Structure formats: C-alpha cells, structure tokens
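**Q** Whatever this is, show me its structure:
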Amino acid sequence: MAIRRLARPAVAAALLQTLFNITDTFWVGRGLGPAALAGVSTGGFAVWMVLSLAELTAAGLTAVASRRHGQDRPLRAAAAVYQATLMALVLSVVVGLCGLAGLRSLFSLMETPPAVTVQGAGYLSTYLSGVPIVFTYFVMDAAFRAAGDTRTPFYLLGGAVALNLLLDPVLILGLGPAPRLGIAGAAGATLLTRAGACAVGYGLLLRRGLVVREGPNPRAWLPMARIGLPTAAGGAVFAFVYILLTRITSRFGTAALAALGVGHRIESLSYMACVGFGFAAATAVGQNLGAGAGERARASGASAARHAMVATAAAGVAFVLVPRMLVGLFTHDPAVLDAGASYLRIVAIAQLFMALDIVLESAMAGAGYTLLPMAASLTLTVARLPLAVWLAGPLGLAGIWWTISLTAAARGVSVASIWRLGRWRERSV
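**A** Sure, this is the predicted structure:
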C-alpha cells in the first residue's frame, strides 16, 4: 500500500528527529546534573513552541504543494516551495527576536528555581539565535514530502543525527580542544547539524526541479498561511500550556521539573512515530484529493492511524513494564527516577489515543482542513491548566501526570469524531 511506502521513511525520520532531544538530555543529565537537566527540559518547552510556529509554513506548503503534485502541476508546486522559504525566513527573524526579548519574562512565568533558570536561559538563547536555520529546515523537509519523497529527508536527517551524536559530548563537556559550553553546547550542536542538512537538502531540491526561484510574492503566502496558521497556533498553545504546567510542577521541586522533561523526552519517541505516520497521511490525502480520489484519501488516513496505534501500543507496554529503566538512561537521581517512572506509568494508556489525535489531524491538514480539528484539540489542551491545579491538590504530582494522560485521550476521541464526519473531503486548496 502507498501509505506504507510513504510512512516507513517518514516514521524513521521522525524517530531520528527525537534523537536530537534525547541526545541532548542524555549528555546534560549525565554530565551536568539535575539543575541542568531541568534547565534543558524547561527551555525545551519553549523550543517546542518555536517548532510549532515553524509548522505554519511547513503545514501550509505540504497542503498546497502536494495538491499541485496530485494535479500534475509540478512547476506550481516548485514555485510554492520557494515562496514558503521566503515566508519562513521572514517569520523566523520575527520569532527569534521576540523570543530573545522575552527570555527573562518566560522563566519568570515558569517560576523556575534560580539554578534552573540560568541553565535554561543559556540553552534557549543559543537556540533562538539560530531560529532561521530551523524554519528553513522545516520547509525543505516539507518540500520533499509533498512530492511524495520521504526517503531523502530521512537520509539527510540520519546524517545530521550522526553528526549531532559526535558534537554533543564534545561541545557540552569540552572534550579535546573544544571549549566546555555546557548546556549551550547542546543547542549549538543541534543548530550546526541542522544547517548542514538544510544546505545539502536545498541543493538537491534545486537539482531535481522541486524548487523554482522567483520574485517575492506575498500573495502566494496567504493560502499557505491560512492553512498552516491553525496548526501552528494549536501547537504553540499546546507548548505554552506545558510552560504553565511547568509553573505548577515547579512547586514540587527541581526533581519534579526534571522528571517532567525526561518523561516528555521518552514519550516523544511514541509521539514522533505518530508524527511520521501523520506526515505520510498528509501527503497521501493531499495528493489523492488533488487527483479526485476522495475514498482513497480516506483509506490512506485510516490506514496510517491504525499503523500508528500499533507502534504506540508497544510504547505504552514498555512504559508500564520498565519505566524506571527508561528514566534511568538519563539520570541516577532517586527523586527524578521515582517521579519519572510515575509519569510514564500514568501516560501509558494515552498512547493509543495520541495516535488518533496526531495522525488524523495531520491527515486533515493535508486536505487543508485545519480549523475545526485545531479548535477541538486546543480546547482540551487549555483545559489541562485548571484540571492540573484541581488534581494536584489531592493527588500531588501524580495529579499533573493524570491531567496530561486524560486530556490526551480526550483529544484523540474528539479528532477521530471530526475525521468521521468527512467534511475535510470538501476542502478546496
């Protein structure tokens, strides 16, 4: 089936993407201690917001360019790639500058301990300085996927991850002649390797005719912005809610903050597998609708969701059976081990529902139908804040973990219900 052909490299690439964060967390946790581990975790939620904003151009380009490829109009798809690149560069400069200006306010909002604030700010300021690299990388990746090529992004990312595995300990710990950059070295290694992959990727796009240079045309940005904005806004709000959850979690101490970050990093393996299936679903749905094959588009999205549920079920079983072993890969601190293992056990049941949420929402984004799924997910995401405060009273830290798990399950049910309505088939792009 076509969805399997698209999904295999897309899922593998998504899992490789997770290795960037896992590698950072491993070397920071093992080499710099709990405060630095909590710092990269809290700063990581802000990075998540930045990545969500990068999806504005990537999601919009995927819907527009895949539809043009399905209509057998490759030149218009190539022109859309170039316009998306220009839009991404403009947007990234604005995001980076605003992020750097609001750095102190962000950590004040999270009420992190002073030592965690220093570490997190060092990581995040370095990352924000290279935001244009990240946004451009997302567009490059989406351009290949919209053309039905999920293998090239996988190979590019594989090379970047391999280089990151080497650079992380060198820059974080100062091995050999390299200076010891600490937590800032983790962000620096990520940016350097992404820049290399981005340069090679754009060279391949030009060689294959998948991008065509032309003058700036802001009018061409509007359809992509209209499609991508709900996805980006939903992701950004999702990340912002985690920032506020960090404020609630910080009441339980540095170990709780570190556990939230480590648990989230481990869960990201399951999450990114769903993202990979979602990428494949978005491409298949967009191309099939462009070719007028609505039923084939529906079957592609449903198949991708089923495959993702198999992967997340396996992750959920591991979270129940060996949670302390998984958390122990990143830290030996007993308090972090206890809190992190509790997190994994509680979120295990939510993994199946997460597959429905991410894959089907991505499939509908491939059709250009993003507003209603985003609104449903957003409502349930925002509900995490009062629910976390309420449950943290009687249940303590576990109340926050249960909040994350229950709302994730509700998101999956709501998005699946919207998918079944079928209105996404009628969307024109």
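**Q** low-confidence ranges in the stretch 251-400 of the chain?
**A** Counting by pLDDT under 70, the stretch 251-400 of the chain shows no low-confidence range.
**Q** all helices for it, in order.
**A** 254-290, 294-321, 323-327, 334-347, 350-366, 371-382, 384-395, 397-421 (DSSP state H, counting those that start in this stretch).
**Q** Is it possible to get those helices out as TSV so that each row also shows mean neighbour count and distance to residue 37?
**A** (Glycine included, C-beta is placed from N, CA and C.) Converted to TSV, the helices of the stretch 251-400 of the chain look like this (neighbours: other Cβ atoms under 10 Å; distance: least, Cβ to Cβ, whole Å):
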stretch	mean neighbour count	distance to residue 37
helix 254-290	27	5
helix 294-321	20	20
helix 323-327	19	11
helix 334-347	22	7
helix 350-366	28	24
helix 371-382	19	25
helix 384-395	15	22
helix 397-421	20	17
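**Q** can you tell which of those helices is closest to residue 109?
**A** helix 384-395 (12.7 Å; Cβ to Cβ).
**Q** what about the residue lying farthest from the centre of the chain, distance to residue 171?
**A** Going by Cα atoms, centre = their mean, the residue of the chain most distant from its centre is residue 177, 33.7 Å out. Separation of residue 177 from residue 171 (Cβ to Cβ, to the nearest Å): 12 Å.
**Q** now swap in residue 198 and tell me
**A** Following Cβ to Cβ, the distance that separates residue 198 from residue 171 is 19 Å.
**Q** Go through the helix or strand where residue 188 lies and flag the buried ones.
**A** Per DSSP states H and E, residue 188 falls inside helix 183-208. With burial defined by 16 or more other Cβ atoms under 10 Å, the residues of helix 183-208 counted as buried are 183-195, 197-198, 200-202, 204-205.
**Q** one step back: Serialize the helices of the stretch 251-400 of the chain to a markdown table and add fields for distance to residue 50.
**A** Formatted as a markdown table, these follow (distance: least, Cβ to Cβ, whole Å):
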| stretch | distance to residue 50 |
| --- | --- |
| helix 254-290 | 16 |
| helix 294-321 | 25 |
| helix 323-327 | 26 |
| helix 334-347 | 24 |
| helix 350-366 | 19 |
| helix 371-382 | 17 |
| helix 384-395 | 20 |
| helix 397-421 | 21 |
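**Q** Of all these, which one is nearest residue 213?
**A** Proximity to residue 213, assessed across those by Cβ to Cβ, is greatest for helix 254-290 (23.8 Å).
**Q** So what's the gap between that closest one and the chain middle?
**A** Mean-position distance between helix 254-290 and its chain equals 6 Å (Cα atoms, centre = their mean, to the nearest Å).
**Q** Please apply the same query to stretch 308-321.
**A** For stretch 308-321, the distance to the chain centre is 19 Å (Cα atoms, centre = their mean).
**Q** and if you look at stretch 378-398?
**A** With Cα atoms, centre = their mean as the basis, stretch 378-398 stands 22 Å off its chain's centre.
**Q** Phi, psi for the residue farthest from the centre of the chain please.
**A** Per-residue torsions, residue 177: phi -80, psi -10 (degrees, to the nearest 10).
**Q** Now do residue 21, the pLDDT please.
**A** Predicted confidence (pLDDT) for residue 21: 69.
**Q** Same question for residue 87.
**A** 92.
**Q** What is the host helix or strand of it packed up against?
**A** When elements are assigned from DSSP H and E, residue 87 belongs to helix 74-101. Contact partners of helix 74-101 among helices and strands, from 3 or more Cβ pairs under 8 Å, 6 or more residues apart in numbering; DSSP states H and E: helix 34-70, helix 114-129, helix 131-146, helix 218-249.
**Q** how about it: buried residues?
**A** 77-88, 91-92, 95-96, 99.
**Q** OK, contacts around the residue nearest to residue 326 when sequence neighbours are not counted?
**A** Once flanking residues are discounted, residue 326 sits nearest to residue 266: 5.3 Å by Cβ to Cβ, 6 or more residues apart in numbering. Listed by Cβ atoms under 8 Å, 6 or more residues apart in numbering, the contact set of residue 266 reads 319, 326-327, 340, 344.
**Q** From what I see, residue 278 and residue 358 are in contact.
**A** Yes: counting by Cβ atoms under 8 Å, residue 358 is a contact partner of residue 278 at 5.1 Å.
**Q** Now do the shared contacts for those two.
**A** residue 308.
**Q** Contacts only, for the nearest residue to residue 224 once chain neighbours are set aside.
**A** The shortest distance from residue 224 to any residue other than its chain neighbours is 2.9 Å, reached at residue 60 (Cβ to Cβ, 6+ apart). Each residue near residue 60 by Cβ under 8 Å, 6+ apart is listed here: 84, 223-229.
**Q** again, only this time at 6 Å
**A** Contact analysis of residue 60 by Cβ atoms under 6 Å, 6 or more residues apart in numbering lists 224, 227-228.
**Q** between the helices and strands packed on helix 74-101, which one is nearest to residue 311?
**A** That would be helix 131-146 among these, by Cβ to Cβ, at 18.9 Å.
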